[in-house]
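[1] here is the input, now give the coordinates:
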Amino acid sequence: MSEICEKLIKYIQLKLDQEIINSLQSILLIRDDPAQAKQVTFLNKYIDECYAYYLEAKSALEKGQCHGLSLVYNFMAKILKKQKWWDNALAAIFAWDEKELDKEVDLVDSINKHETIDTILFRCLNYILFYQFDLNLKDNNAPKYPNLINFALESMNYLKALESPYFEYLDEDKKTHTTFHALKTAGHFTADEIVRMILSNKMDGICLIYNDNHCITLMQIDNHWEVYNSSTKIKKPPFTTSHATLNQAVQKIISILGSTIVINMASPNHQIFLPLPITKENLQHGGLLLILKNINEFTPSIFALAEQSKEYTNVLANELNFVDPKSGSALFRLMCTNFDYFLKGAQLILDLPDGLMLLLKNLSVKQPMTNPFNTGESSAWDTLLSFDIQYQNSIKKVIASFLKKCTDLQLASFASSITLFLKSNPESKLVFEMALAKIEQRQASRARKSSSLFKQATPANNVNKEGGFSLEDSGKKLYPFPYF
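    Predicted coordinates for the structure are as follows:
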């Protein structure tokens, strides 16, 4: 967690304490007056709401605010031309003693002279939280953070924050402006690819670059390139690193984020040009997972290419099987966004060597808490079982069809994987009923052959003439398949 977030949490705590103390003092003055009973009830409810607000804001800040900080910094610098004001506001927050809120601060380029640190903290908190939250509505039509009413547009999703009509601002004449065009691309890119994509656009707006772990921003200011990283330890302006060339700036970006990234650009005046990230190289190293999380409309094009190239198909299958500890599996993400392509993806994984074992392991992996269905840490298979029955039957048919084509030897090699899967998913026994029957038949056949060879060497009695033990009449089954 950045120091800015720590300061904002401290600020919220202080404001909470002030509000609760003031409310309690008011309650003490009027609690014995029957005529003020409604006011006492109101104040008690207000205290509860303040505390709920604090807990939610603190929780949100602790999860990180790199997206909000990066977006606001870029917006201040490129669109509002208020980089000096924002730099000095951040510096004032860093310098705050975490106690006094009434101290006046004279910020450079501010239209409000003699602002207090209280108002600066409050404004910055609003700006940052507003553009960090994922404010999708839940099924009950309640926003994810219901008590943060100062910041929430209930229908807003921060991944769409740059798209009109989500992104709006007022100029000095109180005129409303929106984004002219916004576009994003994602995948695994070389430095040269990133440079070409950036140079294809006029850098007059916002350019956020991020992955599942962090978000930064890239800006062209005059004749140099600036990279803002909210995790910086710098506490005084400039908060950006300046680079003479775009190549140098891109190398800095890769050193922070790696090469598997999302590039999200928006312009107030021009069209954005970003390519489809659908080469097999773009899919690798977790690129497909990032694409599916951010731009799932590329999915049909990706699968269309897989039909034309065996090499591309293998890359796609392996990347669908990719699992990131923080983001989950690419296959699970596909299940959440396009079920038809999920079934195709499952089939591609099954066609890999040891495909059934890979698919069962993938479906059994616990997904992170932040999955699209908010089901907590559940596996893909658990989530699938919460779907309508026709969806459950669809994946069962894909697996059953695959098993039907397997030889007895292949089925026997899958036995341990099926056993392990069914231990945690016993309700799925019907999917593997045919495979289990075939495996048991094969093992029974092996048992009979072994018993026949044994009988040639020993009499068919429990105890032979030499005192040896025969298994034929012992009632025990050779090579027992695990019980389900």
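
[2] this protein - how does it break down into domains?
    With automatic domain parsing as the criterion, the domains of the chain are listed as 3-156, 176-267, 296-405.

[3] for the protein, what's the longest helix?
    In terms of residue count, the longest helix belonging to the chain (DSSP state H) is helix 3-30.

[4] how far off centre is it?
    Per C-alpha atoms, centre = their mean, to the nearest Å, the displacement of helix 3-30 from the mean C-alpha position of its chain is 33 Å.

[5] following that helix, which helix or strand comes up?
    Where DSSP states H and E defines the elements, the next helix or strand beyond helix 3-30 is helix 37-62.

[6] helices of the stretch 351-484 of the chain, residue ranges please.
    Along the stretch 351-484 of the chain, the segments classed as helices by DSSP state H, counting those that start in this stretch run 355-364, 380-384, 389-404, 408-424, 433-457.

[7] ok, the stretch 101-250 of the chain next?
    Listed from the start of the chain, the stretch 101-250 of the chain has helices (DSSP H, counting those that start in this stretch) covering 117-130, 191-199, 246-257.

[8] please identify the most buried of these.
    Mean neighbour counts were compared across the helices of the stretch 101-250 of the chain using mean count of other C-beta atoms under 10 Å; the top stretch is helix 117-130, at a mean of 20. Backbone N, C-alpha and C define where each C-beta goes, glycine included.

[9] who's in contact with it?
    Among residues not part of helix 117-130, those counted as contacts by C-beta atoms under 8 Å, 6 or more residues apart in numbering are 4, 7-8, 11-12, 57, 60-61, 65, 68-69, 72, 89-90, 92-93, 96, 100-103, 105, 107, 112, 148, 150-151, 153.

[10] what angle separates that helix from helix 3-30?
    120 degrees (axes from the mean of the first three to the mean of the last three C-alpha atoms, to 10 degrees).

[11] helix 117-130 to helix 37-62, inter-axis angle?
    70 degrees.

[12] list every C-alpha atom in helix 117-130, with coordinates, as CSV.
    These are the backbone C-alpha positions of helix 117-130, laid out as CSV (Å, rounded to 0.1, in the frame of the first residue of the first chain):
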residue,chain,number,x,y,z
ILE,A,117,-5.1,20.5,4.5
ASP,A,118,-8.6,19.2,5.3
THR,A,119,-10.1,20.4,2.0
ILE,A,120,-7.1,19.2,0.0
LEU,A,121,-7.3,15.7,1.6
PHE,A,122,-11.0,15.6,1.0
ARG,A,123,-10.7,16.7,-2.7
CYS,A,124,-7.9,14.2,-3.4
LEU,A,125,-9.8,11.4,-1.7
ASN,A,126,-12.8,12.1,-3.9
TYR,A,127,-10.7,12.2,-7.1
ILE,A,128,-8.8,9.0,-6.4
LEU,A,129,-11.6,6.8,-5.0
PHE,A,130,-14.0,7.8,-7.8
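
[13] nearest the geometric middle of this protein, what residue?
    Ser327 (4.8 Å; C-alpha atoms, centre = their mean).

[14] check contacts around that residue.
    212, 289, 293, 333, 368.

[15] tabulate these (TSV), appending distance to Leu170.
    Formatted as TSV, these follow (distance: C-beta to C-beta, whole Å):
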residue	distance to Leu170
Asp212	33
Leu289	38
Lys293	32
Arg333	37
Pro368	38
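
[16] Lys280: which of those residues is nearest?
    Leu289 (14.8 Å; C-beta to C-beta).

[17] from Ser267, how far off is that closest one?
    When distance is defined by C-beta to C-beta, to the nearest Å, Leu289 is 28 Å away from Ser267.
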